[in-house]
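Q: Dropping a prediction and its sequence here:
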Amino acid sequence: MIESTNIPLRHDRLSAFLKAFGLSATLCDSAAPANLLIVDADGAGGPTHLLYRARTTAKLPPGVTLCAAASVDFGGSENPLVGALPDELSFSLAEQPALYGLADLIVSEVEVARCGGGTIRNRLCEVIVVLAIRKAIAAGTVDAGLLAGLAHPRLHVCLVAMHDEPRRKWQIAELMALADMSRGPFIALFRKTVGQPPAAYLNGWRLALGRSKLRSGASVKSAAAAVGFGSAAAFSRAFSRKFGYSPVQDKGREEERDGRGQAGSLTAAAGS
């Protein structure tokens, strides 16, 4: 029997990731440091294709002309969505009018220096990446994993609900009601599509959010409460099991990385 639920159905599959991990883009002078490329692959004299690699830099394919390039940061390995994306998203702009319009505007801003151009170019690159990921989800680009779950007509509602309300004490009955499925088929479909049971996925999402909050300066206690753990101790145990080190050690690692970066900046400034 399928139980009803009064939990509102939400369908925005990206905003939770954007809120938790942020998105930033910086235009590059060449393809080497970039992971977003706008290229002319046909000798058309303008942008014809868009390439985005979420986890690595994007090599310029042979025989194409670079129109614009950017380095896009979407939370790196901390963001589960980044890990779920294909190695490369590639679009023919002739088949994607919205992407073409943005790409053409980016290229025009690159070609002619205008007031506020740097900010406009960077923001447009952020928008084009969100639109590219949105299209990848809608197209069902992969067969399994988080992206497949977000593309599924029933499961995406459950995933969005967990993403939006990580603090909620979710019950299987609530999730299966959101999917409008009975318990057994729901759990089997979730495991097959996403690659793990609902409870395991929710735990991983909470820990990813918790680690992001720690690295933004939150205390272990406040991070634990913000992502739905009953205590800092429970959060610490789950965190250590997943990542192999404690939340306190993670904060120490992040502070050490920040310290090295600041020291490098001071050294560079002193030598300039």
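A: Right, received. Where do you want to start? Residues are numbered from 1 along each chain as shown.

Q: neighbouring contacts of stretch 127-145?
A: 13-14, 18, 23, 25, 36, 50, 52, 72, 74, 81, 84-86, 89, 91, 96, 98-99, 102-103, 106, 147-148, 150-151, 192-195 (C-beta atoms under 8 Å, 6 or more residues apart in numbering). (Glycine included, C-beta is placed from N, CA and C.)

Q: now, which of the residues you listed lie within helices?
A: 18, 81, 84, 98-99, 102-103, 106, 147-148, 150-151, 192-194 (DSSP state H).

Q: For residue 63, state which of these is nearest.
A: residue 103 (18.8 Å; C-beta to C-beta).

Q: Pull the contacting residues for that closest one.
A: So residue 103 contacts 38, 47, 50, 67, 68, 93, 128 (C-beta under 8 Å, 6+ apart).

Q: now swap in residue 193 and tell me
A: Residue 193 touches 144, 148, 149, 152, 155, counting by C-beta under 8 Å, 6+ apart.

Q: Now the buried members of the residues you listed.
A: 148, 149, 152, 155 (16 or more other C-beta atoms under 10 Å).

Q: Number of residues surrounding residue 146?
A: 25 (other C-beta atoms under 10 Å).

Q: What separation do you get for it and residue 139?
A: Residue 146 sits 15 Å away from residue 139, going by C-beta to C-beta, to the nearest Å.

Q: unless I'm mixing things up, residue 91 is touching residue 47, no?
A: No - counting by C-beta atoms under 8 Å, residue 47 is not a contact partner of residue 91; they are 10.5 Å apart.

Q: between those two, who's got more neighbours?
A: residue 47 (24 against 20).

Q: Where does that one fall, secondary structure wise?
A: In this structure, residue 47 is located outside every helix and strand according to DSSP states H and E.

Q: list the contacts for it?
A: 38, 39, 40, 67, 68, 93, 100, 103, 104, 106, 107.

Q: same question, residue 63
A: residue 41.

Q: and it, what pLDDT?
A: Note on residue 63: pLDDT of 91.

Q: Same question for residue 84.
A: At residue 84, pLDDT is 94.

Q: ok, now residue 211?
A: 96.

Q: residues contacting it?
A: Residue 211 sits next to 78, 239, 243, 247, 250 when contact means C-beta under 8 Å, 6+ apart.

Q: what do you get for residue 231?
A: Residues in contact with residue 231 (C-beta under 8 Å, 6+ apart) are residue 224.

Q: next one: phi and psi at it?
A: phi -160, psi 160 (degrees, to the nearest 10).

Q: thinking again about what came up before, show me which of the buried ones among the contacts of residue 193 is closest to residue 166.
A: For the buried ones among the contacts of residue 193, the nearest to residue 166 is residue 149 (15.9 Å; C-beta to C-beta).
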